[in-house]
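Colleague: What would the 3D arrangement of this be:
(one chain, ligands or ions: 1)
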Amino acid sequence: MKSGFGFAKPLMEVLQLITFLLLVFFPLGKSDLAAERTALIALRLAVGGRSLLWNTTDQSPCRWQGITCENNRVTVLRLPGNGLIGQIPVGIFGNLTQLHTLSLRLNALTGPLPSDLAASTDLRNLYLQGNFFSGEIPSSLFGLKKLVRLNLALNNFSGGISPSFNNLTRLATLYLQSNKLTGPIPELSLTNLGQFNVSFNQLNGPIPSSLQKFKADSFLSTSLCGSPLSPCPNEAVPPASGGSSSNNSNSGGKKKLSGGAIAGIAIGSVVAFLLILLILFLLCGKKSSRKTNDIATMKQLPSEVEIPREKHIRGGENGNSNSSEYSGAATAAVSAVTTSKTAADSKNKKLIFFGNAARVFDLEDLLRASAEVLGKGTFGTAYKAILEVGTTVAVKRLKDVTISEREFREKIEAVGSMNHENLVPLRAYYYSRDEKLLVYDFMPNGSLSALLHGNRGAGRTPLNWETRSGIALGAARGIEYLHSQGSTVSHGNIKSSNILLTKSYDARVSDFGLAQLVGPTATPNRVAGYRAPEVIDARKVSQKADVYSFGVLLLELLTGKPPTHAILNEEGVDLPRWVQSVVRDEWTSEVFDLELLRYQTVEEEMVQLLQLAIDCCAQYPDKRPSMAEVTRRIEDLRQSSLGQFQDSQADVVDEDGSSRRTNSIDSGPAPSSLMMD
Ligand SMILES: Nc1ncnc2c1ncn2[C@@H]1O[C@H](COP(=O)(O)OP(=O)(O)OP(=O)(O)O)[C@@H](O)[C@H]1O
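Modeller: Numbers count the residues shown, from 1 in each chain. Next comes the predicted model:
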């Protein structure tokens, strides 16, 4: 046993001695697998692990948790978040020579990496992030020529980044963020490198040209300079007086501004300010003249949706304290869409309510309500309207309704009769020649799309597994209900912006039944990423096409990525194809949204949901499950994750000192997969 690894504690020495004896005596004359078994037992002895419950009476380690074998050799060892503590002694990995995937991430492993890791020359995926490994990144690592994914983030590695990384010619992922690395980054000419991060280190100097293709996120909180960060001092405008030697790239750039440049900026700012004043002045003049027109129009047209611009100016004259939240632009838009009607058209027309919906307002109330544009969709524009009685509703103003009044009423009655807790209830509608309004319950937490993809920055509450799987289940139940209304009934436009959320984040499916009301110009499923491959005419959809779209939505929930996006520089790869390629390449764990990282204990369920999503996205419709089966599978996996979720919540609360693990892993692989790895 080498003595150079600084074991301080006597306990460690005892464990090492046992390890040594095991390794020396047991493997003699045994098969390779037996030697590997002994090495694994030595690993468990050395670094323990509260959840490493291997049944060692079973002679084949291939059946132990976290281990996969091929041709009777251990090829995958995955023990993420298993509570492994301490230093891995030399003598273990020297026996695991066939490993191609090693994941020990999110444990409490300390000390340097064991030098005999170099013996695992088949290693392709090495995930060690979220431990306390220290010392320099060992040179033995650079002999692992087959490495594709290397994640050493969130450790205590120190020293410089070696140019020997260039030996790892297949490297596609290199994550070194949140360590104690110092010095400059060498030029790395790794042609396959698509994921790279060195943020939160003490690195300085210019960013090598080969790495300038990565975004600034890859170099956060360092003293590096040059593209994509601010220019290095010697790249800046020649200084008017004395150069700066600051290695803070931001301040370096500023100090070098010449007097002329400063004068130019000052003059430019004054001119811009005057221009803005002029524009504001002109706009105000225009606005007040338009306001007069609006009031006149409204007097003539009592059924118009009132424009609350005046309320801004006069401070909520109808007593609606919320009116100030509405922007002039939004209200102007309301005005614009409602001034085309005639009084005669809307007179004597009423809001038609469905079922037992409380009739606490009528058309007049609705048209008087403060309104805010929520967004424009395929079928028209949606508004949030706050009625004087205090009720808030969502109003959809349909465009392109080409069918006859009778047909419209028949179809909308069918939509209104749909009644399920996971559908956004249609409360009422209004039909006139020029105006068709649908009144829905307002969903205060907006759409799943906004929740997943909007504002990912600071201050966002991470979306946990419980919430995501709950949304998946709610949405599945809503769609299953629609499908249960008849074999020809489908939604036709399942996507994350049509899954709306209640105050308690329960999912409600919206926009069902609208495709039959509008003309061909309003083609649903505009977002191609959700459209099943067999759907050529977006208006001719089927239940199995809904299942496909729902599969994409599940992938969106699991990956946090929008359905079509640029991945690894391949523009426009859609989500199912990307996930499938990741799975094929044996790095399944990387598909999961980083926010799900903290829920280690539900890894199994996450993989099950991923499998379900992949099944839903099968190319051939008859290979896809029915929505009833989809619902059942989500119910089952949520059932099994319920207890584990409570445990993991406790972990997160207790984490305190190690909270960096749950919050700041930039984009390293998420929980490992039991399915494909
Ligand atoms: N009942 C509602 N409560 C809260 N927000 C809503 C409601 N209905 C729609 N919205 C929001 O209004 C916006 C526009 O919705 P709309 O359904 O008109 O279009 P879309 O869903 O974006 O696209 P598409 O029409 O293709 O489905 C969306 O951001 C949606 O989240």
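
Colleague: what's the domain layout of this protein?
Modeller: Taking automatic domain parsing as the reference, the chain has its domains at 10-225, 320-340+348-441, 448-661.

Colleague: What's the mean pLDDT across the first one?
Modeller: It refers to domain 10-225. Mean per-residue pLDDT for domain 10-225: 86.

Colleague: again with stretch 438-447
Modeller: 94.

Colleague: what about that stretch, start to end distance?
Modeller: 18 Å (CA to CA, to the nearest Å).

Colleague: Check whether it comes near the ligand.
Modeller: Yes - contact of stretch 438-447 with the ligand (CB under 6 Å from any ligand atom) involves 440, 442, 443, 446, 447. C-betas here are computed from N, CA, C, even on glycine.

Colleague: Assess the claim that the second one and residue 390 are in contact.
Modeller: No - taking CB atoms under 8 Å as the definition, residue 442 is not a contact partner of residue 390, at 12.0 Å.

Colleague: Between the two, tell me which one has more neighbours.
Modeller: residue 442 (19 against 9; other CB atoms under 10 Å).

Colleague: Next up, the contacts around the residue in the chain positioned nearest to the ligand.
Modeller: Residue nearest to the ligand within the chain: residue 377 (2.0 Å; CB to the nearest ligand atom). Counting by CB atoms under 8 Å, 6 or more residues apart in numbering, residue 377 touches 396, 497, 511.

Colleague: which residue packs closest to residue 86, ignoring adjacent ones?
Modeller: residue 47 (4.8 Å; CB to CB, 6 or more residues apart in numbering).

Colleague: can you count the residues close to that neighbour?
Modeller: Residue 47: 24 neighbours (other CB under 10 Å).

Colleague: Please state the backbone phi and psi of it?
Modeller: Main-chain torsions, residue 47, degrees, to the nearest 10: phi -120, psi 10.

Colleague: Next up, the contacts around it.
Modeller: Neighbouring residues of residue 47 by CB under 8 Å, 6+ apart: 84, 85, 86, 87, 88, 107, 109.

Colleague: What pLDDT is listed against the nearest residue to residue 417 once chain neighbours are set aside?
Modeller: Nearest residue to residue 417, sequence neighbours excluded (CB to CB, 6+ apart): residue 354, at 7.0 Å. Looking at residue 354, its pLDDT reads 85.

Colleague: In contact with residue 354, which residues?
Modeller: Per CB under 8 Å, 6+ apart, neighbours of residue 354: 413, 416, 417, 425, 426, 427, 428.

Colleague: bridging residues for residue 500?
Modeller: Residue 500 forms beta bridges with residue 447, residue 508, as assigned by DSSP bridges.

Colleague: hang on, residue 546 packs against residue 491?
Modeller: Yes - counting by CB under 8 Å, residue 491 is a contact partner of residue 546 at 5.1 Å.

Colleague: shared neighbours, these two?
Modeller: Contacts common to residue 546 and residue 491, judged by CB under 8 Å, 6+ apart, are 479, 482.

Colleague: higher neighbour count, those two?
Modeller: Each of residue 546 and residue 491 has its neighbours counted (other CB under 10 Å); residue 491 has more, 28 against 25.

Colleague: Let me know the helix or strand that the more buried one is in.
Modeller: For residue 491, there is no enclosing helix or strand under DSSP states H and E.

Colleague: Pull the contacting residues for it.
Modeller: Residue 491 touches 479, 482, 498, 509, 511, 512, 541, 546, 549, counting by CB under 8 Å, 6+ apart.

Colleague: returning to that earlier point: report the separation between the residue nearest to residue 86 and residue 158.
Modeller: Applying CB to CB, to the nearest Å, the value for residue 47 to residue 158 is 22 Å.

Colleague: mind putting the contacts of residue 354 in TSV, pLDDT included?
Modeller: Formatted as TSV, the contacts of residue 354 follow (pLDDT from 0 to 100):
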residue	pLDDT
413	91
416	91
417	90
425	92
426	93
427	91
428	92
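
Colleague: mind listing which of these are in helices?
Modeller: Of the positions in the contacts of residue 354, 413, 416 sit in helices, assigned by DSSP state H.

Colleague: For residue 218, state which of the contacts of residue 354 is nearest.
Modeller: When these are compared for distance to residue 218 (CB to CB), residue 425 wins out at 46.2 Å.

Colleague: Show the contacting residues for the closest residue to the closest one other than its chain neighbours.
Modeller: Nearest non-adjacent residue to residue 425, counting by CB to CB, 6+ apart: residue 441, 5.2 Å away. Shown in contact with residue 441 (CB under 8 Å, 6+ apart): 393, 394, 424, 425, 427, 508.

Colleague: correct me, but the fourth one touches residue 439?
Modeller: No - using CB under 8 Å, residue 425 is not in contact with residue 439; the gap is 9.7 Å.

Colleague: quick one: which of these two has more around it?
Modeller: residue 439 (24 against 17).

Colleague: Could you check how far that one is from residue 384?
Modeller: Counting by CB to CB - residue 439 and residue 384 are separated by 12 Å.

Colleague: ditto for residue 594
Modeller: On the measure of CB to CB, residue 594 and residue 384 end up 32 Å apart.

Colleague: Could you turn the buried ones of the contacts of residue 441 into a PyMOL selection?
Modeller: Buried members of the contacts of residue 441 can be picked out in PyMOL with the line below, counting by 16 or more other CB atoms under 10 Å:
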select buried, resi 393+394+424+425+427+508
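
Colleague: May I see the contacts of residue 441 arranged in TSV, with distance to residue 178 as well?
Modeller: Below are these laid out as TSV (distance: CB to CB, whole Å):
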residue	distance to residue 178
393	47
394	43
424	42
425	47
427	51
508	39
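
Colleague: of the contacts of residue 441, list those near the ligand.
Modeller: Within those, those near the ligand by CB under 6 Å from any ligand atom are 394, 424.

Colleague: List just the nearest of the contacts of residue 441 to residue 141.
Modeller: residue 508 (50.6 Å).

Colleague: Give the buried residues for stretch 74-90.
Modeller: Neighbour-count burial for stretch 74-90 [16+ other CB under 10 Å]: 74-82, 84-90.
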